[in-house]
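*Asks:* Quick one, structure for this:
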Amino acid sequence: TMKRLRASEGSLAEEKHVAFDPFHRPLDGSEPLTPYLQQPVVIKPDVLFDDAGFAVMMPWETPLMEAHAEFICRGREATVLNIGFGMGIVDSAIQRHGPRRHVIVEAHPQVIERARLFASTRPNIEVIFSRWQDASAALAACGPFDGIFWDTYEETVEDF
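*Replies:* The predicted structure follows:
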């Protein structure tokens with residue numbers, strides 16, 4: 001059982017106890033959570049929460065993101081694509097590898113602002129505000145890509 005939380009003016013406040021499946025669907029038959037892209041998020045310096053209080057991204061993911069960035073950049077001046085900015089952990093790691101071109105696709109209206117700020121001082125980054133499923137024309141114009149990193153939140157196989 002997990003505590004069902006709601007974001008409230010930048011802080012998290014407890015509502016009730018509810019058990020969730022791995023995709024954050026309540027097991028007690030209560031109303032499902034609002035889809036992530038329609039929720040406000042709580043952005044802290046070291047963690048990103050959805051409206052229900054589930055962590056979207058946390059600092060423990062940094063070593064994994066750094067390893068992914070090293071793999072997709074493969075020690076060359078690559079053109080890379082990242083689907084899902086989150087806290088920008090993998091994007092920071094990608095930038096340390098000096099990519100020729102770095103494209104970020106982000107669909108959350110609050111998170112996109114962080115991605116744009118991140119890109120504002122890095123001329124090799126292009127940010128696309130879209131769900132990845134809807135960005136094929138824009139991505140075709142940006143590619144081909146030497147490496148692709150995909151880490152979206154709360155998507156299942158049905159989204160493909």
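*Asks:* pLDDT below threshold where in the chain?
*Replies:* Scanning the chain for pLDDT under 70 picks out 1-18, 20-26, 31-33, 154-160.
*Asks:* where along it do the strands fall?
*Replies:* Per DSSP state E, the chain has strands spanning 2-8, 11-18, 42-43, 48-49, 55-57, 79-83, 101-106, 125-129, 147-150. These are given in chain order.
*Asks:* in stretch 36-53, what counts as buried?
*Replies:* Residues of stretch 36-53 classed as buried: 36, 39, 40, 41, 42, 43, 48, 49, 50, 51, 52, 53 (neighbour count, 16 or more other CB atoms under 10 Å). C-beta: built from backbone N, CA, C; applies to glycine.
*Asks:* Nearest residue to the second one in space, please, no chain neighbours.
*Replies:* Just to be clear, that refers to residue 39. residue 51 (3.7 Å; CB to CB, 6 or more residues apart in numbering).
*Asks:* Can you tell me how far the one you found is from residue 124?
*Replies:* Noted for residue 51: a distance of 33 Å to residue 124, by CB to CB, to the nearest Å.
*Asks:* That's all I had, so thanks and see you.
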